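>>> Return a 3D structure for these sequence lines:
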Amino acid sequence: MVNLRRLVTGLALAATFAAFAGVRAGTVILKNGDHITGAITRVGAAHVIVKTMYAGVLSIPIADIKTLSSNTPVVLAPAKAPAHMATLAPAPSGSGWTVTPVNMPVPPMPKPPAKAPEPVSWFGPNWENELDLGALDAAGNSNSTQFTGALNLHYHFKPDEVNISLTGGYGMTNDVQSLGFFQTDEIWRRALDEFKPKWAKKLFLFAENSNRYDAILGISIRSNNSIGPGYYIFDNKKVELDVRGGPGYTYERYFHGQTVSYINATAGLHFRYQIDNRTQFTQTMQYITSMENAYNYQASATSAISFDLPEVARGFGLRASFTDNYDNTAGELGRKRNDTLIIGSMFYKF
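Predicted coordinates:
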């Protein structure tokens, strides 16, 4: 008797292997030495189209390619000849490639997927700005009302990038204030495009400033400033991931009058993944510690998923986010060290 579970498992593994093998059916070697693996689908007069598992569909200029190979037929579309199918292999000289025609019909050009309309920023083509508003009202055994809001301004014109964020929240639970903060964050990045090696082009310099007022923790102002280098691990339309770190300076003043200042060390991470043309996941993390006292440190992380709803209004969407702030010195003030905040909000891009 056939074991149905084993049969289904075997078919699933076979399908997964076939899909993986199909994506890795071709190799493109660039003149700078980089290797790109994936399914080569089309070789045109000026560009080669490659579908990869890690960066989606890439269009690579032929002028940047040293050689390429594909053990599955691809579409060859020269400028002055009809398109046809062929397999490709590196030329014996190591530069260029040989073509073996295959008697197969040329598939029709796929239609590009419909994209949700992108709002044009009021500030100009290099700006992407957003306004978030969220609220919570609960009644019963516990009466709680909370309001949150954020304004994010993003300017990107290579090699410079600037992010400015203003975030605030206010809440009352059983007639006692349970939430009250206002925070600003500004970060400037400058990509080092003038460097020749490709790995060096992913380097950037940054300067960052953040300021926070927190009525619950009794913080009148906490200002963190840092500068240093960073590195773009991924930087494309599908995936962004960068890390940064460097020295800085922290100044704190509390409601009871105490002030604290120290030289700090900062490490940060930014991640963005475009799930589809309307859904996006982001993750930001930051760690700040005193260079004089390792006990004095702060850590924060925010995860968010947003969903564009152009059917409702252009630039409109919904977002759910989770923020975790940890302050190791809060215990000295009689407060809990860990604060979390879950927010559901509407946003508008402008």
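>>> so residue 181 is in which element?
In the assignment (DSSP states H and E), residue 181 maps to strand 176-191.
>>> low pLDDT regions in the stretch 151-300 of the chain?
The model of the stretch 151-300 of the chain has pLDDT under 70 over residues 196.
>>> try 50 this time
The stretch 151-300 of the chain contains no residues with pLDDT under 50.
>>> what about stretch 306-318, how long is it end to end?
In stretch 306-318, first residue to last residue: 6 Å (C-alpha to C-alpha, to the nearest Å).
>>> any idea where the helices of this structure begin and end?
Counting by DSSP state H, one finds helices in the chain at the ranges 4-23, 198-201.
>>> where do the strands sit along the stretch 251-350 of the chain?
For the stretch 251-350 of the chain, strands defined by DSSP state E, counting those that start in this stretch occupy the ranges 259-274, 279-290, 297-308, 316-327, 338-349.
>>> mind checking how far the last one is from the chain centre?
The one in question is strand 338-349. 18 Å (C-alpha atoms, centre = their mean, to the nearest Å).
>>> what are the pairing partners of that strand, and which direction each?
strand 127-138 (antiparallel), strand 316-327 (antiparallel) (DSSP bridges).
>>> Give me whichever of those strands is most buried.
Across the strands paired with strand 338-349, the average number of neighbours (mean count of other C-beta atoms under 10 Å) peaks for strand 316-327, which reaches a mean of 17. Bear in mind the C-beta positions are built from the backbone N, C-alpha and C, glycine included.
>>> nearest to residue 158, of the strands of the stretch 251-350 of the chain?
Closest approach to residue 158 among those (C-beta to C-beta): strand 259-274, 16.6 Å.
>>> May I see the buried residues of that closest one?
Under the neighbour-count criterion of 16 or more other C-beta atoms under 10 Å, strand 259-274 has 264, 265, 266, 267, 268, 269, 270, 271, 272, 274 buried.
>>> Any chance of a markdown table for those, columns distance to residue 229?
As requested, the buried residues of strand 259-274 are exported to a markdown table (distance: C-beta to C-beta, whole Å):
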| residue | distance to residue 229 |
| --- | --- |
| 264 | 16 |
| 265 | 13 |
| 266 | 12 |
| 267 | 12 |
| 268 | 12 |
| 269 | 14 |
| 270 | 14 |
| 271 | 18 |
| 272 | 20 |
| 274 | 26 |
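>>> Which of those sits closest to residue 328?
residue 264 (12.9 Å).
>>> Quick check, the closest one in contact with residue 286.
No - using C-beta atoms under 8 Å, residue 264 is not in contact with residue 286; the gap is 11.1 Å.
>>> I'd like the strands of the stretch 251-350 of the chain laid out as CSV, including distance to residue 248.
Shown next, in CSV, are these (distance: least, C-beta to C-beta, whole Å):
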stretch, distance to residue 248
strand 259-274, 5
strand 279-290, 7
strand 297-308, 12
strand 316-327, 17
strand 338-349, 22
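>>> thinking again about what came up before, weakest of the helices of the chain by average pLDDT?
Of all the helices of the chain, the minimum mean pLDDT falls on helix 4-23 (a mean of 43).
>>> Which residue is the nearest non-sequential neighbour of the spatially most central residue of the chain?
The chain has residue 272 as the residue nearest its centroid, 1.5 Å off, counting by C-alpha atoms, centre = their mean. Leaving aside its sequence neighbours, residue 272 sits nearest to residue 240 (C-beta to C-beta, 6 or more residues apart in numbering; 4.2 Å).
>>> Roughly how far does that neighbour sit from residue 260?
Separation of residue 240 from residue 260 (C-beta to C-beta, to the nearest Å) stands at 34 Å.
>>> Residue 57 too?
As judged by C-beta to C-beta, residue 57 and residue 260 stand 51 Å apart.
>>> what's the burial count for the residue nearest to residue 175 when sequence neighbours are not counted?
Nearest-residue entry for residue 175: residue 143, 7.6 Å, with adjacent residues in sequence omitted and distances by C-beta to C-beta, 6+ apart. When neighbours are counted by other C-beta atoms under 10 Å, residue 143 registers 12.
>>> shouldn't residue 143 be in contact with residue 173?
Yes - contact criterion C-beta under 8 Å: residue 143 and residue 173 qualify, at 7.0 Å.
>>> overlap in contacts of those two?
The contact sets of residue 143 and residue 173 do not overlap (C-beta atoms under 8 Å, 6 or more residues apart in numbering).
>>> Quick one: distance of stretch 75-87 to the chain centre.
37 Å.
>>> Can you check which of the strands of the stretch 251-350 of the chain gets nearest to residue 203?
Nearest to residue 203, of all the strands of the stretch 251-350 of the chain, is strand 259-274, at 15.1 Å by C-beta to C-beta.
>>> So what are the sheet partners of the closest one and their directions?
Strand 259-274 has these strand partners (DSSP bridges): strand 239-254 (antiparallel), strand 279-290 (antiparallel).
>>> Make TSV out of the ones you listed and add mean neighbour count.
TSV is the format used below for the strands paired with strand 259-274 (neighbours: other C-beta atoms under 10 Å):
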stretch	mean neighbour count
strand 239-254	17
strand 279-290	17
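>>> Need those strands in TSV (columns: distance to residue 87).
As requested, the strands paired with strand 259-274 are exported to TSV (distance: least, C-beta to C-beta, whole Å):
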stretch	distance to residue 87
strand 239-254	30
strand 279-290	37
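>>> distance of residue 38 from residue 97?
16 Å.
>>> Which one of these two is surrounded by more residues?
Applying other C-beta under 10 Å to residue 38 and residue 97 shows that residue 38 carries more neighbours, namely 23 against 18.
>>> count of neighbours near the nearest residue to that one once chain neighbours are set aside?
Leaving out its chain neighbours, the residue that sits closest to residue 38 by C-beta to C-beta, 6+ apart is residue 52, at 3.7 Å. Applying other C-beta under 10 Å, we find 17 other residues in the vicinity of residue 52.
>>> No more questions from me, cheers.
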